[in-house]
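K.L.:
Pasting a predicted model and its sequence here:
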Protein chains: 2
Amino acid sequence: MPSSRAPLSTRRVLQAALALADSGGTDSLTMRHLGRELGVEAMSLYRHVANKDAVLDGIIDMVIDEIDLPSADPGNWKSAMRHRGEAAYRVLTRHPWAPPLLMSRTNTGPAMLRYIDFTLGILRGAGFSWKLADYAWNTMDSFVYGYTLRTLTFPVAPADYAETASAHQHLLAGGEYPHMAELTRQVAEGDHPGDPDITFGLNLILDGLERLRDTEPAA
Amino acid sequence: MPSSRAPLSTRRVLQAALALADSGGTDSLTMRHLGRELGVEAMSLYRHVANKDAVLDGIIDMVIDEIDLPSADPGNWKSAMRHRGEAAYRVLTRHPWAPPLLMSRTNTGPAMLRYIDFTLGILRGAGFSWKLADYAWNTMDSFVYGYTLRTLTFPVAPADYAETASAHQHLLAGGEYPHMAELTRQVAEGDHPGDPDITFGLNLILDGLERLRDTEPAA
DNA sequence: GACGTAAGCTTACGTCGTAAACAAGAGTGG
DNA sequence: CCACTCTTGTTTACGACGTAAGCTTACGTC
(Lines give C-alpha, C1' and ligand atoms only; values in the text may rest on other atoms or scores of the structure.)
Protein backbone atom coordinates (compact mmCIF):
# COMPACT_ATOMS: atom_id res chain seq x y z
CA MET A 1 0.00 0.00 0.00
CA PRO A 2 1.21 3.49 -0.77
CA SER A 3 0.11 5.36 2.35
CA SER A 4 -0.45 2.64 4.95
CA ARG A 5 -1.14 4.14 8.35
CA ALA A 6 1.87 4.45 10.66
CA PRO A 7 5.34 3.57 9.50
CA LEU A 8 6.87 0.47 11.05
CA SER A 9 9.60 0.72 13.63
CA THR A 10 11.37 -1.59 16.03
CA ARG A 11 9.34 -0.15 18.86
CA ARG A 12 6.04 -0.66 17.09
CA VAL A 13 6.93 -4.21 16.15
CA LEU A 14 7.84 -5.08 19.73
CA GLN A 15 4.73 -3.46 21.12
CA ALA A 16 2.54 -5.42 18.75
CA ALA A 17 4.46 -8.58 19.61
CA LEU A 18 3.87 -8.02 23.31
CA ALA A 19 0.16 -7.45 22.73
CA LEU A 20 -0.03 -10.58 20.62
CA ALA A 21 1.70 -12.70 23.26
CA ASP A 22 -0.55 -11.28 25.95
CA SER A 23 -3.68 -12.08 24.03
CA GLY A 24 -2.82 -15.48 22.65
CA GLY A 25 0.33 -16.78 24.27
CA THR A 26 3.57 -17.80 22.66
CA ASP A 27 1.84 -19.98 20.09
CA SER A 28 0.10 -17.07 18.45
CA LEU A 29 3.30 -15.06 18.26
CA THR A 30 4.45 -15.94 14.76
CA MET A 31 6.10 -13.62 12.31
CA ARG A 32 3.22 -13.95 9.87
CA HIS A 33 0.61 -13.28 12.51
CA LEU A 34 2.61 -10.37 13.84
CA GLY A 35 2.85 -8.92 10.35
CA ARG A 36 -0.88 -9.30 9.80
CA GLU A 37 -1.53 -7.49 13.06
CA LEU A 38 0.54 -4.58 11.79
CA GLY A 39 -0.99 -4.62 8.32
CA VAL A 40 2.22 -5.76 6.76
CA GLU A 41 3.84 -8.86 5.28
CA ALA A 42 5.88 -11.07 7.59
CA MET A 43 9.13 -10.40 5.78
CA SER A 44 8.80 -6.67 6.28
CA LEU A 45 9.37 -7.17 9.97
CA TYR A 46 12.92 -8.21 9.27
CA ARG A 47 13.75 -4.62 8.35
CA HIS A 48 13.25 -3.72 11.99
CA VAL A 49 14.20 -6.80 13.99
CA ALA A 50 17.04 -9.21 13.32
CA ASN A 51 14.96 -12.33 13.76
CA LYS A 52 12.33 -13.89 15.97
CA ASP A 53 14.74 -14.37 18.85
CA ALA A 54 15.31 -10.64 18.95
CA VAL A 55 11.56 -10.16 19.20
CA LEU A 56 11.39 -12.57 22.13
CA ASP A 57 14.32 -10.94 23.90
CA GLY A 58 12.71 -7.57 23.35
CA ILE A 59 9.29 -8.34 24.75
CA ILE A 60 10.77 -10.14 27.75
CA ASP A 61 12.73 -7.04 28.64
CA MET A 62 9.57 -4.97 28.24
CA VAL A 63 7.88 -7.21 30.76
CA ILE A 64 10.78 -6.96 33.20
CA ASP A 65 10.58 -3.23 32.82
CA GLU A 66 7.06 -3.31 34.22
CA ILE A 67 8.30 -4.54 37.58
CA ASP A 68 7.94 -1.78 40.12
CA LEU A 69 11.17 -0.84 41.85
CA PRO A 70 10.39 0.88 45.14
CA SER A 71 12.81 3.41 46.56
CA ALA A 72 15.67 1.69 48.29
CA ASP A 73 15.34 2.37 51.98
CA PRO A 74 18.29 0.92 53.90
CA GLY A 75 16.31 0.73 57.11
CA ASN A 76 13.70 -1.37 55.44
CA TRP A 77 15.59 -3.72 53.20
CA LYS A 78 13.35 -6.66 54.02
CA SER A 79 10.16 -4.97 53.00
CA ALA A 80 11.87 -3.59 49.91
CA MET A 81 12.98 -7.09 48.93
CA ARG A 82 9.59 -8.54 49.70
CA HIS A 83 7.94 -5.85 47.65
CA ARG A 84 10.32 -6.57 44.81
CA GLY A 85 9.51 -10.27 44.84
CA GLU A 86 5.79 -9.69 44.98
CA ALA A 87 5.96 -7.11 42.21
CA ALA A 88 7.85 -9.53 39.99
CA TYR A 89 5.31 -12.22 40.71
CA ARG A 90 2.41 -9.94 39.84
CA VAL A 91 3.96 -8.78 36.60
CA LEU A 92 4.95 -12.25 35.49
CA THR A 93 1.55 -13.75 36.19
CA ARG A 94 0.01 -10.88 34.25
CA HIS A 95 2.03 -12.13 31.25
CA PRO A 96 1.77 -15.89 31.71
CA TRP A 97 3.68 -16.61 28.50
CA ALA A 98 6.74 -14.79 29.84
CA PRO A 99 8.20 -16.92 32.64
CA PRO A 100 8.95 -20.00 30.53
CA LEU A 101 10.66 -17.77 27.99
CA LEU A 102 12.44 -15.75 30.62
CA MET A 103 13.83 -18.83 32.29
CA SER A 104 14.90 -20.75 29.24
CA ARG A 105 17.14 -18.13 27.69
CA THR A 106 19.96 -15.89 28.77
CA ASN A 107 18.67 -12.40 29.28
CA THR A 108 20.79 -9.29 29.44
CA GLY A 109 18.36 -6.58 28.41
CA PRO A 110 18.62 -3.14 30.03
CA ALA A 111 15.53 -3.59 32.21
CA MET A 112 16.88 -6.86 33.54
CA LEU A 113 20.26 -5.35 34.34
CA ARG A 114 18.62 -2.41 36.05
CA TYR A 115 16.45 -4.76 38.06
CA ILE A 116 19.41 -6.79 39.27
CA ASP A 117 21.50 -3.75 40.01
CA PHE A 118 18.72 -2.27 42.08
CA THR A 119 18.48 -5.46 44.11
CA LEU A 120 22.18 -5.55 44.78
CA GLY A 121 21.94 -1.93 45.89
CA ILE A 122 19.32 -2.75 48.50
CA LEU A 123 21.34 -5.61 49.90
CA ARG A 124 24.61 -3.72 49.99
CA GLY A 125 22.85 -0.81 51.66
CA ALA A 126 21.57 -3.21 54.30
CA GLY A 127 25.08 -4.29 55.18
CA PHE A 128 25.43 -7.52 53.25
CA SER A 129 28.89 -8.50 52.05
CA TRP A 130 29.31 -8.75 48.29
CA LYS A 131 29.38 -12.49 48.48
CA LEU A 132 26.30 -12.82 50.65
CA ALA A 133 24.46 -10.20 48.59
CA ASP A 134 25.21 -12.22 45.47
CA TYR A 135 23.99 -15.44 47.05
CA ALA A 136 20.98 -13.62 48.42
CA TRP A 137 19.63 -12.27 45.16
CA ASN A 138 20.32 -15.53 43.41
CA THR A 139 18.37 -17.42 46.04
CA MET A 140 15.55 -14.89 46.00
CA ASP A 141 15.19 -14.93 42.25
CA SER A 142 15.46 -18.68 41.96
CA PHE A 143 12.55 -18.91 44.32
CA VAL A 144 10.48 -16.13 42.80
CA TYR A 145 10.81 -17.42 39.25
CA GLY A 146 10.40 -21.02 40.29
CA TYR A 147 7.34 -20.24 42.35
CA THR A 148 5.81 -18.19 39.57
CA LEU A 149 6.40 -20.87 36.98
CA ARG A 150 4.94 -23.51 39.22
CA THR A 151 1.86 -21.41 39.86
CA LEU A 152 1.31 -21.00 36.16
CA THR A 153 1.82 -24.67 35.50
CA PHE A 154 -0.67 -25.67 38.11
CA PRO A 155 -3.73 -27.23 36.53
CA VAL A 156 -5.97 -24.34 37.51
CA ALA A 157 -6.21 -21.00 39.15
CA PRO A 158 -5.93 -21.00 42.95
CA ALA A 159 -9.63 -20.33 43.24
CA ASP A 160 -10.49 -23.67 41.67
CA TYR A 161 -7.91 -25.56 43.65
CA ALA A 162 -10.41 -27.44 45.75
CA GLU A 163 -12.44 -28.41 42.73
CA THR A 164 -9.41 -29.67 40.86
CA ALA A 165 -8.21 -31.58 43.87
CA SER A 166 -11.41 -33.55 43.94
CA ALA A 167 -11.36 -33.98 40.17
CA HIS A 168 -7.90 -35.50 40.37
CA GLN A 169 -8.71 -37.81 43.19
CA HIS A 170 -9.08 -40.77 40.85
CA LEU A 171 -5.37 -40.52 40.17
CA LEU A 172 -4.76 -41.19 43.82
CA ALA A 173 -7.45 -43.79 44.33
CA GLY A 174 -5.09 -46.73 44.02
CA GLY A 175 -3.60 -46.05 47.40
CA GLU A 176 -0.14 -45.74 45.92
CA TYR A 177 0.24 -42.15 47.05
CA PRO A 178 -1.22 -42.08 50.54
CA HIS A 179 0.10 -38.71 51.61
CA MET A 180 -0.98 -36.93 48.46
CA ALA A 181 -4.37 -38.54 48.73
CA GLU A 182 -4.82 -37.29 52.25
CA LEU A 183 -3.57 -33.81 51.44
CA THR A 184 -5.83 -33.66 48.43
CA ARG A 185 -8.75 -34.77 50.53
CA GLN A 186 -8.12 -31.98 53.00
CA VAL A 187 -7.90 -29.41 50.27
CA ALA A 188 -11.06 -30.73 48.63
CA GLU A 189 -12.89 -30.43 51.90
CA GLY A 190 -11.64 -26.92 52.48
CA ASP A 191 -9.60 -27.80 55.54
CA HIS A 192 -6.68 -25.78 54.27
CA PRO A 193 -6.33 -23.30 51.45
CA GLY A 194 -3.88 -25.26 49.31
CA ASP A 195 -2.05 -22.39 47.70
CA PRO A 196 0.67 -20.79 49.77
CA ASP A 197 1.05 -17.11 49.04
CA ILE A 198 4.43 -16.24 47.60
CA THR A 199 4.95 -14.14 50.71
CA PHE A 200 5.35 -17.32 52.75
CA GLY A 201 8.51 -18.33 50.93
CA LEU A 202 9.77 -14.78 50.60
CA ASN A 203 9.64 -14.23 54.33
CA LEU A 204 11.24 -17.58 54.97
CA ILE A 205 14.18 -16.68 52.79
CA LEU A 206 14.46 -13.08 53.96
CA ASP A 207 14.48 -14.08 57.61
CA GLY A 208 17.15 -16.63 56.90
CA LEU A 209 19.26 -14.11 55.03
CA GLU A 210 19.00 -11.64 57.87
CA ARG A 211 20.26 -14.22 60.31
CA LEU A 212 23.17 -15.05 58.05
CA ARG A 213 24.07 -11.41 57.66
CA ASP A 214 24.08 -10.90 61.42
CA THR A 215 26.27 -13.91 62.10
CA GLU A 216 28.61 -13.46 59.16
CA PRO A 217 32.29 -13.26 60.15
CA ALA A 218 32.50 -9.67 58.89
CA ALA A 219 33.26 -9.78 55.17
CA MET B 1 10.94 -53.87 5.85
CA PRO B 2 9.65 -57.40 6.50
CA SER B 3 11.90 -58.43 9.41
CA SER B 4 13.24 -55.18 10.77
CA ARG B 5 15.15 -55.76 13.98
CA ALA B 6 13.15 -55.28 17.17
CA PRO B 7 9.44 -54.49 17.07
CA LEU B 8 8.48 -51.01 18.15
CA SER B 9 6.82 -50.38 21.48
CA THR B 10 5.90 -47.40 23.59
CA ARG B 11 8.83 -48.16 25.85
CA ARG B 12 11.32 -48.33 22.99
CA VAL B 13 10.01 -45.12 21.49
CA LEU B 14 10.34 -43.27 24.79
CA GLN B 15 13.80 -44.63 25.42
CA ALA B 16 14.98 -43.51 22.03
CA ALA B 17 13.35 -40.12 22.58
CA LEU B 18 15.16 -39.70 25.87
CA ALA B 19 18.47 -40.62 24.27
CA LEU B 20 17.82 -38.19 21.44
CA ALA B 21 17.00 -35.34 23.81
CA ASP B 22 20.08 -36.08 25.88
CA SER B 23 22.35 -36.02 22.88
CA GLY B 24 20.94 -33.07 20.98
CA GLY B 25 18.46 -31.21 23.16
CA THR B 26 14.84 -30.48 22.49
CA ASP B 27 15.51 -29.20 19.00
CA SER B 28 16.70 -32.53 17.73
CA LEU B 29 13.71 -34.33 19.18
CA THR B 30 11.42 -34.39 16.18
CA MET B 31 9.13 -37.18 15.17
CA ARG B 32 10.99 -37.72 11.90
CA HIS B 33 14.36 -37.81 13.59
CA LEU B 34 13.05 -40.13 16.26
CA GLY B 35 11.70 -42.44 13.60
CA ARG B 36 14.98 -42.44 11.73
CA GLU B 37 16.77 -43.34 14.95
CA LEU B 38 14.51 -46.37 15.31
CA GLY B 39 14.77 -47.35 11.65
CA VAL B 40 11.17 -46.49 11.01
CA GLU B 41 9.04 -43.84 9.37
CA ALA B 42 7.83 -40.94 11.52
CA MET B 43 4.18 -41.86 11.18
CA SER B 44 4.80 -45.34 12.55
CA LEU B 45 5.50 -43.83 15.93
CA TYR B 46 1.88 -42.79 16.20
CA ARG B 47 0.90 -46.44 16.65
CA HIS B 48 2.67 -46.33 20.00
CA VAL B 49 2.34 -42.79 21.28
CA ALA B 50 -0.65 -40.50 20.97
CA ASN B 51 1.33 -37.51 19.78
CA LYS B 52 4.48 -35.58 20.46
CA ASP B 53 3.20 -34.19 23.73
CA ALA B 54 2.83 -37.71 25.05
CA VAL B 55 6.46 -38.32 24.15
CA LEU B 56 7.51 -35.23 26.07
CA ASP B 57 5.43 -36.15 29.10
CA GLY B 58 6.88 -39.63 28.98
CA ILE B 59 10.53 -38.69 28.90
CA ILE B 60 10.07 -36.08 31.61
CA ASP B 61 8.67 -38.70 33.90
CA MET B 62 11.59 -40.97 33.05
CA VAL B 63 13.92 -38.20 34.16
CA ILE B 64 12.03 -37.64 37.40
CA ASP B 65 12.24 -41.34 38.01
CA GLU B 66 16.03 -41.06 38.08
CA ILE B 67 15.91 -38.89 41.19
CA ASP B 68 17.22 -40.86 44.11
CA LEU B 69 14.79 -41.13 47.01
CA PRO B 70 16.68 -41.93 50.20
CA SER B 71 14.99 -43.85 52.96
CA ALA B 72 12.78 -41.58 55.01
CA ASP B 73 14.33 -41.26 58.45
CA PRO B 74 12.11 -39.18 60.74
CA GLY B 75 15.03 -38.23 62.94
CA ASN B 76 16.86 -36.78 59.99
CA TRP B 77 14.22 -35.05 57.95
CA LYS B 78 16.47 -32.10 57.14
CA SER B 79 19.23 -34.16 55.62
CA ALA B 80 16.66 -36.24 53.77
CA MET B 81 15.14 -33.09 52.30
CA ARG B 82 18.53 -31.67 51.48
CA HIS B 83 19.53 -34.89 49.82
CA ARG B 84 16.32 -34.86 47.84
CA GLY B 85 16.92 -31.35 46.58
CA GLU B 86 20.50 -32.04 45.64
CA ALA B 87 19.54 -35.27 43.91
CA ALA B 88 16.91 -33.46 41.86
CA TYR B 89 19.43 -30.80 40.92
CA ARG B 90 21.98 -33.38 39.82
CA VAL B 91 19.50 -35.30 37.71
CA LEU B 92 18.03 -32.22 36.09
CA THR B 93 21.40 -30.77 35.16
CA ARG B 94 22.34 -34.14 33.69
CA HIS B 95 19.39 -33.65 31.31
CA PRO B 96 19.61 -29.93 30.60
CA TRP B 97 16.72 -30.01 28.13
CA ALA B 98 14.37 -31.24 30.87
CA PRO B 99 13.83 -28.35 33.29
CA PRO B 100 12.29 -25.93 30.79
CA LEU B 101 9.94 -28.67 29.67
CA LEU B 102 9.22 -29.82 33.18
CA MET B 103 8.34 -26.33 34.31
CA SER B 104 6.21 -25.27 31.40
CA ARG B 105 3.71 -28.10 31.46
CA THR B 106 1.52 -29.81 33.98
CA ASN B 107 3.04 -33.11 34.97
CA THR B 108 1.23 -35.94 36.69
CA GLY B 109 3.30 -38.95 35.67
CA PRO B 110 3.75 -41.78 38.16
CA ALA B 111 7.36 -40.92 38.98
CA MET B 112 6.38 -37.34 39.74
CA LEU B 113 3.54 -38.39 41.99
CA ARG B 114 5.77 -40.85 43.80
CA TYR B 115 8.37 -38.15 44.25
CA ILE B 116 5.90 -35.71 45.78
CA ASP B 117 4.30 -38.34 47.96
CA PHE B 118 7.68 -39.31 49.32
CA THR B 119 8.43 -35.71 50.21
CA LEU B 120 5.16 -35.27 52.01
CA GLY B 121 5.92 -38.43 53.92
CA ILE B 122 9.21 -37.08 55.19
CA LEU B 123 7.64 -33.85 56.33
CA ARG B 124 4.68 -35.47 58.02
CA GLY B 125 7.01 -37.89 59.74
CA ALA B 126 8.96 -34.94 61.04
CA GLY B 127 5.92 -33.49 62.71
CA PHE B 128 4.80 -30.88 60.19
CA SER B 129 1.11 -30.11 59.96
CA TRP B 130 -0.55 -30.88 56.63
CA LYS B 131 -0.73 -27.24 55.81
CA LEU B 132 2.87 -26.48 56.67
CA ALA B 133 4.05 -29.64 54.91
CA ASP B 134 2.23 -28.51 51.79
CA TYR B 135 3.75 -25.05 51.94
CA ALA B 136 7.13 -26.58 52.69
CA TRP B 137 7.39 -28.84 49.66
CA ASN B 138 6.01 -26.15 47.41
CA THR B 139 8.63 -23.72 48.63
CA MET B 140 11.40 -26.27 48.37
CA ASP B 141 10.50 -27.30 44.85
CA SER B 142 9.98 -23.77 43.65
CA PHE B 143 13.50 -23.03 44.75
CA VAL B 144 15.07 -26.23 43.45
CA TYR B 145 13.53 -25.94 40.00
CA GLY B 146 14.10 -22.21 39.83
CA TYR B 147 17.70 -22.54 40.88
CA THR B 148 18.31 -25.35 38.42
CA LEU B 149 16.76 -23.46 35.55
CA ARG B 150 18.77 -20.37 36.36
CA THR B 151 21.99 -22.37 36.50
CA LEU B 152 21.30 -23.82 33.08
CA THR B 153 20.41 -20.44 31.64
CA PHE B 154 23.58 -18.89 32.89
CA PRO B 155 25.91 -18.01 30.03
CA VAL B 156 28.48 -20.60 31.00
CA ALA B 157 29.45 -23.37 33.32
CA PRO B 158 30.46 -22.29 36.84
CA ALA B 159 34.07 -23.01 36.06
CA ASP B 160 34.20 -20.24 33.46
CA TYR B 161 32.29 -17.81 35.61
CA ALA B 162 35.25 -15.51 36.14
CA GLU B 163 36.09 -15.49 32.46
CA THR B 164 32.53 -14.65 31.48
CA ALA B 165 32.34 -11.94 34.07
CA SER B 166 35.27 -10.15 32.50
CA ALA B 167 33.94 -10.79 29.00
CA HIS B 168 30.66 -9.11 29.92
CA GLN B 169 32.25 -6.14 31.56
CA HIS B 170 31.69 -3.97 28.50
CA LEU B 171 27.97 -4.21 29.17
CA LEU B 172 28.56 -2.55 32.50
CA ALA B 173 31.13 -0.04 31.40
CA GLY B 174 28.67 2.81 31.06
CA GLY B 175 28.39 3.16 34.80
CA GLU B 176 24.66 2.59 34.67
CA TYR B 177 24.85 -0.51 36.78
CA PRO B 178 27.37 0.30 39.48
CA HIS B 179 26.65 -2.59 41.82
CA MET B 180 26.72 -5.20 39.10
CA ALA B 181 29.93 -3.73 37.79
CA GLU B 182 31.57 -4.00 41.18
CA LEU B 183 30.29 -7.50 41.81
CA THR B 184 31.45 -8.57 38.38
CA ARG B 185 34.85 -7.06 39.03
CA GLN B 186 35.20 -9.04 42.25
CA VAL B 187 34.21 -12.26 40.56
CA ALA B 188 36.59 -11.60 37.69
CA GLU B 189 39.40 -11.05 40.14
CA GLY B 190 38.58 -14.22 42.03
CA ASP B 191 37.59 -12.42 45.22
CA HIS B 192 34.54 -14.59 45.57
CA PRO B 193 33.43 -17.75 43.80
CA GLY B 194 30.33 -16.34 42.14
CA ASP B 195 28.18 -19.43 42.05
CA PRO B 196 26.40 -20.31 45.25
CA ASP B 197 25.96 -24.02 45.72
CA ILE B 198 22.34 -25.10 45.77
CA THR B 199 22.99 -26.22 49.33
CA PHE B 200 23.12 -22.59 50.43
CA GLY B 201 19.51 -21.98 49.55
CA LEU B 202 18.37 -25.41 50.64
CA ASN B 203 19.76 -24.92 54.12
CA LEU B 204 18.30 -21.45 54.31
CA ILE B 205 14.85 -22.77 53.55
CA LEU B 206 15.12 -25.89 55.69
CA ASP B 207 16.27 -23.95 58.73
CA GLY B 208 13.39 -21.55 58.26
CA LEU B 209 10.91 -24.39 57.95
CA GLU B 210 12.21 -26.00 61.10
CA ARG B 211 11.70 -22.79 63.02
CA LEU B 212 8.16 -22.48 61.70
CA ARG B 213 7.35 -26.03 62.64
CA ASP B 214 8.59 -25.48 66.18
CA THR B 215 6.62 -22.30 66.70
CA GLU B 216 3.47 -23.43 64.96
CA PRO B 217 0.35 -23.17 67.11
CA ALA B 218 -0.14 -26.94 66.98
CA ALA B 219 -2.10 -27.79 63.85
C1' DG C 1 14.65 15.11 -13.27
C1' DA C 2 18.15 11.54 -12.13
C1' DC C 3 19.55 8.60 -8.64
C1' DG C 4 20.80 6.34 -4.25
C1' DT C 5 18.54 4.46 -0.38
C1' DA C 6 15.30 2.72 2.58
C1' DA C 7 10.88 0.21 3.29
C1' DG C 8 7.98 -3.16 2.10
C1' DC C 9 6.57 -7.16 -1.03
C1' DT C 10 6.85 -11.68 -3.56
C1' DT C 11 8.43 -16.01 -4.07
C1' DA C 12 10.58 -19.94 -2.48
C1' DC C 13 12.97 -23.58 0.43
C1' DG C 14 13.32 -26.79 3.97
C1' DT C 15 11.36 -27.97 8.31
C1' DC C 16 7.71 -29.31 11.47
C1' DG C 17 3.37 -32.21 13.50
C1' DT C 18 0.04 -35.17 11.96
C1' DA C 19 -4.55 -36.64 9.19
C1' DA C 20 -5.97 -40.20 5.92
C1' DA C 21 -5.72 -44.00 3.21
C1' DC C 22 -3.30 -48.05 2.16
C1' DA C 23 -0.34 -52.54 2.33
C1' DA C 24 1.57 -56.50 4.28
C1' DG C 25 1.86 -59.98 7.56
C1' DA C 26 -0.05 -62.70 11.76
C1' DG C 27 -3.45 -65.07 14.02
C1' DT C 28 -7.74 -67.39 14.16
C1' DG C 29 -12.36 -69.67 13.21
C1' DG C 30 -14.74 -72.39 9.83
C1' DC D 1 -6.81 -74.58 3.71
C1' DC D 2 -9.05 -70.57 3.17
C1' DA D 3 -11.07 -66.17 4.40
C1' DC D 4 -11.31 -63.00 7.78
C1' DT D 5 -9.93 -59.34 10.92
C1' DC D 6 -6.28 -56.99 13.61
C1' DT D 7 -1.92 -55.16 14.12
C1' DT D 8 1.99 -52.73 12.48
C1' DG D 9 4.24 -49.85 9.50
C1' DT D 10 4.20 -46.95 4.96
C1' DT D 11 2.88 -43.39 1.67
C1' DT D 12 1.23 -39.19 0.50
C1' DA D 13 -0.37 -34.88 1.64
C1' DC D 14 -1.71 -30.47 4.11
C1' DG D 15 -1.09 -26.34 6.40
C1' DA D 16 1.74 -24.25 9.50
C1' DC D 17 6.57 -22.27 10.61
C1' DG D 18 11.24 -19.12 10.19
C1' DT D 19 13.67 -16.80 6.92
C1' DA D 20 17.00 -16.29 2.46
C1' DA D 21 17.04 -13.81 -1.98
C1' DG D 22 15.62 -10.74 -5.09
C1' DC D 23 12.19 -7.27 -6.58
C1' DT D 24 9.35 -2.91 -6.43
C1' DT D 25 8.13 1.38 -4.98
C1' DA D 26 8.56 5.99 -3.04
C1' DC D 27 11.15 9.68 -1.28
C1' DG D 28 15.18 12.92 -0.18
C1' DT D 29 18.88 15.36 -2.27
C1' DC D 30 21.20 17.72 -5.64
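P.N.:
Nice, thanks for sending it over.
K.L.:
For the residue nearest the centre of chain A, I want the exact helix or strand it lies within.
P.N.:
By C-alpha atoms, centre = their mean, chain A has its centre lying nearest to A:L92, at 3.6 Å. Element membership of A:L92 [criterion: DSSP states H and E] is helix A:77-94.
K.L.:
and after that helix, which helix or strand comes next?
P.N.:
helix A:98-103.
K.L.:
helices or strands next to that next one in the packing?
P.N.:
Helix A:98-103 sits against helix A:52-64, helix A:77-94, helix A:130-153, helix B:98-103, helix B:130-153, with contacts defined as 3 or more C-beta pairs under 8 Å, 6 or more residues apart in numbering or on different chains; DSSP states H and E. In short, each C-beta sits where N, CA and C put it, glycine included.
K.L.:
Pull up the gap between the closest residue to A:L56 other than its chain neighbours and B:A188, please.
P.N.:
Nearest non-adjacent residue to A:L56, counting by C-beta to C-beta, 6 or more residues apart in numbering or on different chains: A:L101, 5.9 Å away. A:L101 sits at a distance of 29 Å from B:A188 (criterion: C-beta to C-beta, to the nearest Å).
K.L.:
near chain B at all, stretch A:122-135?
P.N.:
Yes - judged by C-beta under 8 Å from any C-beta of the partner chain, stretch A:122-135 and chain B are in contact via A:R124, A:W130, A:K131, A:A133, A:D134, A:Y135.
K.L.:
Need the residues that contact that stretch.
P.N.:
Residues outside stretch A:122-135 that contact it (C-beta atoms under 8 Å, 6 or more residues apart in numbering or on different chains) are A:72, A:74, A:77, A:80-81, A:84, A:120, A:136-137, A:209, A:212-213, A:216, A:219, B:179, B:182-183, B:186, B:191-194, B:196, B:200-201.
K.L.:
For burial, what's the neighbour tally of A:G25?
P.N.:
12 (other C-beta atoms under 10 Å in any protein chain shown).
K.L.:
OK, contacts around it?
P.N.:
Counting by C-beta under 8 Å, 6+ apart, A:G25 touches A:P96, A:W97.
K.L.:
make it 7 Å
P.N.:
Contact analysis of A:G25 by C-beta atoms under 7 Å, 6 or more residues apart in numbering or on different chains lists A:W97.
K.L.:
what does A:D61 give?
P.N.:
A:G109, A:P110, A:A111, A:M112.
K.L.:
In helices, which of the residues you listed fall?
P.N.:
A:P110, A:A111, A:M112 (DSSP state H).
K.L.:
Regarding A:E182, which helix or strand does it belong to?
P.N.:
helix A:178-188.
K.L.:
ok so, going back, go ahead and measure how far the helix holding A:L92 is from the middle of the chain.
P.N.:
Remark: helix A:77-94 is offset 10 Å from the chain centroid, using C-alpha atoms, centre = their mean, to the nearest Å.
K.L.:
If we go by neighbour counts, what in that helix is buried?
P.N.:
Of all the residues in helix A:77-94, those buried under the rule 16 or more other C-beta atoms under 10 Å in any protein chain shown are A:77-78, A:80-89, A:91-92.
K.L.:
will you turn the residues you listed into TSV that also has distance to B:L56 and pLDDT?
P.N.:
Formatted as TSV, the buried residues of helix A:77-94 follow (distance: C-beta to C-beta, whole Å; pLDDT from 0 to 100):
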residue	distance to B:L56	pLDDT
A:W77	42	94
A:K78	40	94
A:A80	40	94
A:M81	36	95
A:R82	36	95
A:H83	37	94
A:R84	34	94
A:G85	30	96
A:E86	32	96
A:A87	32	96
A:A88	28	97
A:Y89	27	97
A:V91	28	98
A:L92	23	97
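K.L.:
ok so, going back, pull out the buried members of the contacts of stretch A:122-135.
P.N.:
In the contacts of stretch A:122-135, the ones that pass as buried (16+ other C-beta under 10 Å) are A:72, A:77, A:80-81, A:84, A:120, A:136-137, A:209, A:212-213, B:179, B:183, B:186, B:192, B:194, B:196, B:200-201.
K.L.:
which of the ones in helices among the contacts of A:D61 tops the neighbour count?
P.N.:
The ones in helices among the contacts of A:D61, ranked by neighbours (other C-beta under 10 Å): first place A:M112, 19 neighbours.
K.L.:
from memory that residue sits against A:D65, does it?
P.N.:
No - under the criterion of C-beta atoms under 7 Å, A:M112 makes no contact with A:D65, lying 8.7 Å away.
K.L.:
residues near A:D207, how many?
P.N.:
A:D207 has 16 neighbouring residues, counting by other C-beta under 10 Å.
K.L.:
That one: helix or strand, and which one exactly?
P.N.:
Using DSSP H and E, A:D207 maps to helix A:198-215.
K.L.:
Now do that helix against helix B:198-215, angle only.
P.N.:
Angle of helix A:198-215 versus helix B:198-215, following axes from the mean of the first three to the mean of the last three C-alpha atoms, to 10 degrees, is 110 degrees.
K.L.:
what's the distance between the closest residue in space to A:G35 that isn't next to it in sequence and B:A133?
P.N.:
What sits nearest to A:G35 in space, not counting adjacent residues and going by C-beta to C-beta, 6+ apart, is A:A42, at 4.1 Å. Per C-beta to C-beta, A:A42 is found 51 Å from B:A133.
K.L.:
More neighbours: which of these two?
P.N.:
For A:A42 versus B:A133, neighbours defined as other C-beta under 10 Å are more numerous around B:A133 (24 against 14).
K.L.:
How many residues are close by the nearest residue to the more buried one once chain neighbours are set aside?
P.N.:
Sequence neighbours aside, B:L123 is the residue nearest to B:A133 in space, at 3.9 Å (criterion: C-beta to C-beta, 6+ apart). Using other C-beta under 10 Å, the number of residues around B:L123 comes to 25.
K.L.:
Which helix or strand contains B:L123?
P.N.:
Going by DSSP H and E, B:L123 is in helix B:110-125.
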